[in-house]
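S.K.: sequence isn't available, so here's the structure alone:
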């Protein structure tokens, strides 16, 4: 969903491995204004459009684009709920502020200290595993197989949880057949 809105931030082959300030400067030359502002504005727009309770982002901060995006989504998580932030989204697009409840980053390597989700356990609702369900898309993009376990780090939350054992802890369940 975000890809359709963030085309302003391409990563050319020759830009792989450059410093964050160099990549931001490259993006700024394409956008005509401060790239981090454009990025956060677009992420806030996506949050206000889609209204997610939980946001999961790639947490592999080893890469420069990922580190920049993670910083941007942290800021957008805060600002999407703020009526003062990007008021044109509220007045012109008639969107409303939205306060997502949790922000997680998916980690590249399994970490026993973090929340974990198995990708090889059968999902009752779907009758298949997450790995099996994603195989078709992975083959289309020639991506490596999904690891058997994924780890998630809680980056930000608006909930007070004593023990966060599930991504959806503290999130009210939707009524079957009800509005999502």
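M.R.: Yes, it's here. From a predicted model like this one, the values you see are computed outputs, not experimental measurements.
S.K.: in contact with residue 134: list those residues for me.
M.R.: Counting by Cβ atoms under 8 Å, 6 or more residues apart in numbering, residue 134 makes contact with 119, 146. Glycine gets a C-beta too; all of them are placed from N, C-alpha and C.
S.K.: next one: the host helix or strand of it to chain centre, how far?
M.R.: Per DSSP states H and E: residue 134 is located in helix 130-140. Remark: helix 130-140 is offset 20 Å from the chain centroid, using Cα atoms, centre = their mean, to the nearest Å.
S.K.: buried stuff in that helix?
M.R.: Neighbour counts over helix 130-140 (16 or more other Cβ atoms under 10 Å) mark 130, 131 as buried.
S.K.: after that helix comes which helix or strand?
M.R.: Using DSSP H and E, the next helix or strand after helix 130-140 towards the C-terminus is strand 149-157.
S.K.: now that following strand: buried residues?
M.R.: For strand 149-157, a neighbour-count test (16+ other Cβ under 10 Å) marks 150, 151, 152, 154, 155, 157 as buried.
S.K.: who is the fourth one paired with across the strands?
M.R.: Listed beta-bridge partners, residue 154: residue 104 (assigned using DSSP bridges).
S.K.: residue contacts, it?
M.R.: The contact partners of residue 154, taken as Cβ under 8 Å, 6+ apart, are 102, 103, 104, 115, 164.
S.K.: repeat that for the fifth one.
M.R.: For residue 155, the contacting residues are 57, 59, 70, 74, 77, 103, 104, 105, by Cβ under 8 Å, 6+ apart.
S.K.: which residues of the chain fall in helices?
M.R.: For the chain, the helices defined by DSSP state H cover 20-31, 35-50, 64-79, 87-91, 130-140.
S.K.: what's the closest of the ones you listed to residue 179?
M.R.: Distance to residue 179, taken as Cβ to Cβ, is lowest for helix 35-50 among these, at 14.2 Å.
S.K.: and that closest one, what does it pack onto?
M.R.: With contacts defined as 3 or more Cβ pairs under 8 Å, 6 or more residues apart in numbering; DSSP states H and E, the packing partners of helix 35-50 are helix 20-31, helix 64-79, helix 87-91.
S.K.: gap between that helix and the chain center?
M.R.: From the chain centre to the centre of helix 35-50 is a distance of 11 Å (Cα atoms, centre = their mean).
S.K.: flag every buried residue along it.
M.R.: Within helix 35-50, the residues scored as buried using 16+ other Cβ under 10 Å are 35-36, 38-48.
S.K.: shouldn't residue 34 be in contact with residue 27?
M.R.: No - between residue 34 and residue 27 there is no contact under Cβ atoms under 8 Å: 9.2 Å.
S.K.: which one of those two has more residues nearby?
M.R.: A count of neighbours by other Cβ atoms under 10 Å puts residue 27 above the other of residue 34 and residue 27, at 22 against 12.
S.K.: which residues touch the more buried one?
M.R.: Residues in contact with residue 27 (Cβ under 8 Å, 6+ apart) are 8, 9, 35, 38, 39.
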